[in-house]
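> I would like to see how this sequence folds:
(chains A and B)
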Amino acid sequence: MTATLRPTGTDPSPAPATGLARVRSRRRWVVLGFMAPAIVGFLVFFGYPLVATVYFSFTKYDLINAPVWIGFGNYVRMFTTEPLVGTAAYNTLWLVIVLTVCRVVFALGVASVISRLRRGLGLIRTLCYLPALAPPAAATLVFVFVFNPEFGPVNRFLRAIGIDGGLWFNDPAMSKPSLTLLVLWGSGELMIIILAALLDVPQEQYESASLDGAGPARRFWHITLPSISPVLLFGVVNSMIFALQFFTQAVVAGAAAAGTADVAGNTKYIGNPQNSTLTYPVWLYVQGFRYSNMGYAAAMAVLLFIVSFAFTAILVRQLRRASHVEEAA
Amino acid sequence: MTTATATPRRTSGGSPVVVRRKTNWNRILYWVATHSLGVALGLMFTLPVIFVLLTAFMRSDQAMTASWWPREWHFENFVEVFDRAPMVTYLINSLTYSLLATLGILVSAIPAAYALAKLKWRGQTWAFMAVVAAMMLPPQVVIVPLFDMWVRMGLTGTLVPLIAPYFLFDAFSIFLLRQFFLTIPKDYLDAARIDGCSEWQVLTRVLVPMARPGIAAAAMFCFLFTWNDYFGPLLYTGEARDHWTLSLAIASFRGMHHVEWNLTMAATVLTMLPAIVLFVFAQKSFVKGITFTGVKG
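Here you go, the predicted structure:
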């Protein structure tokens, strides 16, 4: 492929037009052919639903009867009378803040320990990554079991050293921190990404810095942090998006901690205990697909879209900058 | 910790003998400290799984007690799980979903990623941004119209709404494959073009063989993601128990089948098994793939 074949060319010289134009138009068809499934898929699974969600949000719709236009009714209800949407938004906001900070700091901490290992780096990396592979539903069951207030190993261990372990997933005040622990346990992907970035930092920089008398803290602050900051930014945005769509673990933990775990088709234990695990996406799901308030769910979705779009925009801008650098290089 | 201790690896020799002896001592301390921390972390991450594995071998009454080592080993727990619940059906559903979705991305995402990474065309940057945006969008944002669409087609309660999208557009796979394809030198492709290969031949005969590790990673991520998926199966097959996947079934296991903790844990282990096996056999590919999603723009 040569630069002259760029179909973007608007150069006015028509001299070699015939041959080149043919090549260009053929190339356009090739691109179109390769992209066709993706374009169709994008339009059907993202383009159309995005527009339709906005439409549905102005209607009352139960999937059986035709949608009825009610203007801003759903939005008014969301911001005034409906009591649980506030709780759900609070829970999700809590997760966006706490979970993001904990996840990035924890992953950075673990990665920097692993990066210093001279023996067994691969093995420890594998062990730390393994939980991230477990299906979230299964991992949540594991955690609810391990943190069982009565017979769970964690409380048994705490009892043995004289500490009264809490109720964890059964305590409204501790359920979200417990979920955060669960997420940290499965944060292996971010760990590996950060670890790779840490191992990429040129070793000579550390050596010359310590020759200049820089201590560990200063070396971290002036060398490590600047060189891995793009990866950390990725981690922050990625964690925020993850927290915004937090669903599976909250639903499964709520039900499993209640003792029974009949989730599908049952809303009794959603949010358990006392709505402390009722996240925004969970409430959206319940409103739309359990209570058949599809219009209201659509209005909630529009709000979720606006918030997550803001976060996405940050990452896209960052990626774009990076790809420009790449092209220039 | 003094400055000298934290200086890790590869400090070349040549310093006076006295200083070196002191450094070595500090170095040993540093080595011991970091490595015990590393071992502790490794344990912390594996212990929950070990507890679960041990519980899966216990008798049901022992699973609810304070003991952590099985009094007798009940290997038959893993068989009993299959008697108590239609595990085979769940397993077949999970395999159908994961294998077909993986096949789907191989068909749809490879050409798209090729066009995004190795051809130049107007709107390319925008198309890539659209892929990134789709990847970042919480799935709940678009489910109301999508569900409505599948209801009108009469396909809810089947696996079709879960699988079909993968044959057209999967943002993450396209993104990951694009990142891999970018690393393959253009010269090879140009050489093939000069030899008269069409773009399709360049893709199938040159790029795909060269990008095999990347494609393997994308396929594994797709398999795992669908295997682990909970939200999709809950949404579309929640009320059709014959179409439940393992990941969905496991969460309702205890309540529905009145099953004890030891059996629940045995089923949980079975659900986690494919992921672990896959990882053990293809660790390198995984690590490479994960690294690619984060670092390279």
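
> And for stretch B:160-171, what's in contact with it?
Applying CB atoms under 8 Å, 6 or more residues apart in numbering or on different chains, the external contacts of stretch B:160-171 come out as A:37-38, A:40-42, A:44-46, B:96-97, B:100-102, B:104-105, B:107-109, B:112, B:131-132, B:134-135, B:146, B:150, B:155, B:222, B:226, B:229, B:232-233, B:236-237. For the C-beta atoms, the positions are set from N, CA and C on the backbone; glycine is no exception.

> ok, of those residues, which come out buried?
Among those, those buried by neighbour count (16 or more other CB atoms under 10 Å in any protein chain shown) are A:37-38, A:41-42, A:44-46, B:96-97, B:100-102, B:104-105, B:108-109, B:112, B:131-132, B:134-135, B:146, B:150, B:222, B:226, B:229, B:232-233, B:236-237.

> Just the ones of those residues in helices?
The helices, defined by DSSP state H, take in A:37-38, A:41-42, B:96-97, B:100-102, B:104-105, B:108-109, B:112, B:131-132, B:134-135, B:146, B:150, B:222, B:226, B:232-233, B:236-237 from these.

> So which residues of the stretch 1-150 of chain A form helices?
Secondary structure of the stretch 1-150 of chain A by DSSP state H, counting those that start in this stretch: the helices cover A:17-42, A:48-56, A:73-79, A:84-94, A:100-115, A:121-129, A:136-146.

> Least reliable of those by average pLDDT, please.
Between the helices of the stretch 1-150 of chain A, the one with the least mean pLDDT is helix A:17-42; it has a mean of 82.

> Now do it against helix A:48-56, angle only.
When axes from the mean of the first three to the mean of the last three CA atoms, to 10 degrees is applied, the directions of helix A:17-42 and helix A:48-56 differ by 50 degrees.

> So which elements touch helix A:17-42?
In this structure, helix A:17-42 makes packing contacts with helix B:87-118, helix B:124-136, helix B:199-201, judged by 3 or more CB pairs under 8 Å, 6 or more residues apart in numbering or on different chains; DSSP states H and E.

> any chance of the ones you listed in CSV, plus mean pLDDT and distance to A:Cys128?
Formatted as CSV, the entries for these read as follows, by pLDDT from 0 to 100; distance: least, CB to CB, whole Å:
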stretch, mean pLDDT, distance to A:Cys128
helix B:87-118, 94, 25
helix B:124-136, 90, 25
helix B:199-201, 89, 42
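
> Quick check: closest non-adjacent residue to B:Arg114.
No, residue B:114 isn't Arg; it's Tyr. Nearest residue to B:Tyr114, sequence neighbours excluded (CB to CB, 6 or more residues apart in numbering or on different chains): B:Leu203, at 5.0 Å.

> Tell me if I'm right that the one you found and B:Ala112 touch.
No - the pair B:Leu203 and B:Ala112 does not pass the contact test of CB atoms under 8 Å, sitting 10.9 Å apart.

> okay, and the common contacts of those two?
Shared contacts of B:Leu203 and B:Ala112, defined by CB under 8 Å, 6+ apart, comprise A:Phe34.

> Endpoints of stretch A:282-294, how far apart?
Length of stretch A:282-294, first residue to last, CA to CA, to the nearest Å: 14 Å.

> which residues touch the residue nearest to B:Leu146 when sequence neighbours are not counted?
Leaving aside its sequence neighbours, B:Leu146 sits nearest to A:Pro49 (CB to CB, 6+ apart; 5.1 Å). If you count contacts by CB under 8 Å, 6+ apart, A:Pro49 has them with B:Val141, B:Val142, B:Ile143, B:Val144, B:Pro145, B:Leu146, B:Met149.

> can I get these in CSV with pLDDT?
Listed next are those as CSV, based on pLDDT from 0 to 100:
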residue, pLDDT
B:Val141, 93
B:Val142, 94
B:Ile143, 94
B:Val144, 95
B:Pro145, 95
B:Leu146, 95
B:Met149, 95
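
> how about stretch B:40-54 against chain A, any contact?
Yes - contact check for stretch B:40-54 against chain A, using CB under 8 Å from any CB of the partner chain: residues in range are B:Leu41, B:Gly42, B:Phe45, B:Thr46, B:Leu47, B:Pro48, B:Val49, B:Phe51, B:Val52.

> quick one: which of these has the most company?
For these, neighbours were counted by other CB atoms under 10 Å in any protein chain shown; the highest total belongs to B:Val52, with 25 neighbours.

> That one and A:Asn148 touch, don't they?
No - proximity of B:Val52 to A:Asn148 does not meet the contact threshold set by CB under 8 Å, at 11.8 Å.

> Below-threshold pLDDT in chain B: ranges please.
Residues of chain B that meet the criterion pLDDT under 70 lie in B:1-23, B:66, B:255-259, B:293-297.
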